[in-house]
Every structure is written in structure tokens, then in C-alpha cells.
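>>> Got a sequence here, can you build the structure:
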Amino acid sequence: MNSEQIIKELNFQAMRSSGPGGQHVNKTASKVEVSFNPNDSEGLSEREKTRVQDKLAKRITQDGNIVLQCSETRSQHRNKAIVIERLLHIIKQSLTVAKKRKKTKPSRSAVEKRIKAKKKNTLKKSNRKPPKID
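Numbers count the residues shown, from 1 in each chain. So this is what the prediction gives:
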């Protein structure tokens, strides 16, 4: 994954935000929307493209774009930086391969300890019951 190449391929669009800022919101386009098409990217290898397609299938639009928005701050530049950071983080997460889980068994002493504790608990509860008279 080549982050610099991916950043060059991003398409940005600024629009009016509904976030904090009062009258300022009505005058400036501080909300930033970024779209990225992983299929057309030169910053990803073919294997990475297929992995991103599989992992982020729910986030990809019908056009094949990943679209993110940010309107957290009043600054367009800061929102742009935040949305780039988020997109790169999402792509990196989708490229990581999960380790295979190794099956493990509890140790013999742990099993014995558990059984001993259960027996102790049953004895305690059985001692609370009134004695049976036949």
C-alpha cells in the first residue's frame, strides 16, 4: 500500500456543514467529503484491491467508491486531514490478515482446581438444607 499515491487519487468535495459554528456554518463550506475508488488505484496491488473489496464490501457504493465525510471542526483543512486519516486507517485495517487461532486446553491443575471448587460449593449448599428424616 502506497499512502502517498492513494492520497493523490482522492477526490474531495467541500459543502456546508450542519455542525458547530453558529452563523459561520451558513457562510462557509467546512464539511469535507472524500471518495476513493480502490479498483482504479495505483497505490494498491491487485491482491490488496481484492482484499479491500472483500473486507469493505458494505462501505463501497454501487459506483465502486468508498465515501467518507467529516464535519467535526469549523476548519475545512482540519476536516480534510481527519477524513484522510480515517480513510487510510480503514484501508490499513482491511489489509491486515488475522492470525489463526491456536486451540488450547486448560492445564491439568486448572481442571482439578475447578472441580475441587465445585465440590466445595456443592458441599456448602447441601449443608444448608434441613436433614432428611425417614
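>>> Just name the shakiest helix or strand of this structure by mean pLDDT.
Scoring the helices and strands of the chain by mean pLDDT, DSSP states H and E places helix 23-27 at the bottom, with a mean of 75.
>>> Past that one, which element shows up next along the chain?
Sequence order places strand 31-36 as the next helix or strand after helix 23-27, per DSSP states H and E.
>>> Give me the contacts around that following strand.
Outside strand 31-36, the residues within contact range by Cβ atoms under 8 Å, 6 or more residues apart in numbering are 6, 9-19, 65-71, 76, 79-80, 83-84, 87. Every residue, glycine included, has its C-beta placed from N, CA and C.
>>> Stretch 94-108 too?
Met1, Glu48, Arg51, Val52, Lys55, Leu56, Arg114.
>>> And those residues, which is the shakiest by pLDDT?
Minimum pLDDT for the contacts of stretch 94-108 is recorded at Met1 (82).
>>> mind listing what it touches?
Gly43, Leu44, Glu48, Ile91, Lys92, Leu95.
>>> Now restrict those residues to buried residues only.
With burial judged by 16 or more other Cβ atoms under 10 Å, the buried subset of these is Gly43, Leu44, Glu48, Ile91.
>>> Tell me if I am right that the first one is in a helix.
No - counting by DSSP: H, G, I helix; E, B strand; the rest coil, one finds Gly43 to be coil, located in no helix.
>>> what sits up against the least confident helix or strand of the chain?
Arg16, Ser17, Ser18, Gly19, Arg74.
>>> Go ahead and build a ChimeraX selection from the buried members of these.
To isolate the buried ones among the contacts of helix 23-27 in ChimeraX, judged by 16+ other Cβ under 10 Å, type:
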select :17,74
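>>> At which residues are the helices of the chain located?
3-9, 23-27, 46-55, 76-95, 108-128 (DSSP state H).
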